[in-house]
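Peer 1: Below: sequence and its predicted model.
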Amino acid sequence: MATLSEKSTVIGAVGVTSTEVKCPGCGASIGIKYDPETLNLTCPFCGLVSQLPQPGTVPAMQELDFNTALQRASVNWGNIKKLITCSNCGGQTIYDAEQVTGACPFCGSTSVTSAAENAQIMAPQAVIPFAVSKDMTQLCFDNFLNSKLVASRKVYGSKLENIIGIYLPFWTYDTLTVSAYYAHSMETRYSPRQDFRGIMTQFFDDLVIYGSDKVRHQHIKRVQEFDFERMVPYSPKYLAGIPAERYTVGLNDGWARAKEQIREKIRRTLLRKFFMKASLDAINTNYYNVKFRYVLAPIYMATYKCGNTIYPVAINGQTGKTYCEVPTFLPKLIFIPLAIVVLVLILFFFVIIAPELSHVI
């Protein structure tokens, strides 16, 4: 079975470092930023635009074999950048060494301190560059609201606030599974009990696991669908001017969470196979040819206010997919018909039933 020994220490909570990004024209390193609209680097001093490899024009990223992760994974991040730890939420963020930050991008706390670096860490194999600019996030948000049929009127026209674009860590896992299962049907008056035994194979491709326990934004899982065909090889140039979170869910822990999802998917597949008419007694699954990738992917986190309530918003920085909670007028839709029914019953009682009762008395 393709799995690491439980006693093997792979990657736990680690720091993130990066290479200094300099303008090839004037040599400036302060203010160099990645532009999601052009997918290029722009120097604010000499105006030079440096073209980066465009998504979809580079070979697909090779996935690493799970059992040889320590031998094959790159740890070359280059020169150390500034790692900031928030004492409020525990989030750890990577910034350019020259960049000054006074607040945590996750919770807004100003209680942030520099954290120690760990040089022996796994570097990401790939980056999914931002394709949605900060100016485009309001349009993504408006389109999401317009798709809600029962959204409250007062929510329309809301403006996004506290917009933070950040690269978040994700693991992807591939594996071939072979599952031996045992199930039985219930004995009924019309049919005897039946036992089912069999083998099922299923391949899982790019199962996505969010690599952080520090940033617990409740809507990230709703928008973490990425086009992995448009990944590019990791380069710190894509992170220029954009913070990145270091992962706190290691390779082993990420794989454990992936297996939980895989087991649930296999269980559902078998239940569909038996049309929900059988009870699954046992499923034993072996995992073969397990491979993984460590990817930095773009997410916008923001908030909007409706009435006196502030709602968190998550936007996929590649696809623009948006999710947030939206107040609706559904309670009114339920209350109004009920009120009408009650009113009709009251009128019926006083107009029809009450006169009849008075005559009887």
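Peer 2: Arrived safely.
Peer 1: List the residue ranges of the chain that fall below the pLDDT cut-off.
Peer 2: In the predicted model of the chain, residues 1-21, 27-31, 56-61, 70-84, 87, 89-121, 215-216, 275-277, 329-342, 344-361 satisfy pLDDT under 70.
Peer 1: Regarding it, what is its longest strand?
Peer 2: Using DSSP state E, we find that the single longest strand of the chain is strand 278-306.
Peer 1: Wait, S235 touches L52, no?
Peer 2: Yes. At 7.0 Å, S235 counts as touching L52 under the criterion of Cβ atoms under 8 Å. In short, each C-beta sits where N, CA and C put it, glycine included.
Peer 1: partners of the longest strand of the chain in the sheet?
Peer 2: Using DSSP bridges, the strands paired with strand 278-306 are strand 64-65 (antiparallel), strand 126-127 (parallel), strand 161-185 (antiparallel), strand 309-316 (antiparallel).
Peer 1: For D142, find the nearest of the ones you listed.
Peer 2: Nearest to D142 among the strands paired with strand 278-306 is strand 309-316 (11.6 Å), distances taken as Cβ to Cβ.
Peer 1: How about the closest one, which residues are buried there?
Peer 2: 311-316 (16 or more other Cβ atoms under 10 Å).
Peer 1: got the domain boundaries for this structure?
Peer 2: The chain breaks down by automatic domain parsing into domains covering 33-328, 329-361.
Peer 1: Now tabulate those in JSON lines and tack on distance to C23.
Peer 2: Formatted as JSON lines, those follow (distance: least, Cβ to Cβ, whole Å):
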{"stretch": "domain 33-328", "distance to C23": "4"}
{"stretch": "domain 329-361", "distance to C23": "53"}
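Peer 1: most neighbours per residue, which of those?
Peer 2: Burial of those is given as mean neighbour count (mean count of other Cβ atoms under 10 Å); domain 33-328 ranks first at a mean of 17.
Peer 1: Could you give the number of residues near K22?
Peer 2: For K22, the number of neighbouring residues by other Cβ atoms under 10 Å comes to 15.
Peer 1: Quick check: it touching F45?
Peer 2: No. Counting by Cβ under 8 Å, K22 sits too far from F45 to count as a contact (11.2 Å).
Peer 1: what's the closest non-adjacent residue to Y294?
Peer 2: P124 (4.8 Å; Cβ to Cβ, 6 or more residues apart in numbering).
Peer 1: So that neighbour, which state does it fall into?
Peer 2: With DSSP: H, G, I helix; E, B strand; the rest coil as the basis, P124 sits in coil.
Peer 1: follow-up on the earlier one: out of the domains of the chain, flag the one nearest C26.
Peer 2: Checking those against C26 by Cβ to Cβ gives domain 33-328 as the closest, at 4.2 Å.
Peer 1: which stretches of this structure form helices?
Peer 2: In order along the chain, the chain carries the following helices (DSSP state H): 69-72, 137-146, 220-223, 251-273, 330-348, 354-360.
Peer 1: of the buried residues of strand 309-316, closest to R197?
Peer 2: Comparing the buried residues of strand 309-316 against R197 with Cβ to Cβ places N316 closest, at 42.7 Å.
Peer 1: Tell me how far that closest one lies from M136.
Peer 2: From N316 across to M136, the span is 12 Å (Cβ to Cβ, to the nearest Å).
Peer 1: what sits against the spatially closest residue to Q54 that is not a sequence neighbour?
Peer 2: Leaving aside its chain neighbours, Q54 sits nearest to L39 (5.8 Å; criterion: Cβ to Cβ, 6+ apart). Counting by Cβ atoms under 8 Å, 6 or more residues apart in numbering, L39 touches 52, 54-55, 129, 131.
Peer 1: And for F292?
Peer 2: With contact set as Cβ under 8 Å, 6+ apart, F292 has these partners: 63-64, 66, 69, 171-174, 251, 254-255.
Peer 1: cool, and K291?
Peer 2: Here K291 is in contact with 63-66, 173-175 (criterion: Cβ under 8 Å, 6+ apart).
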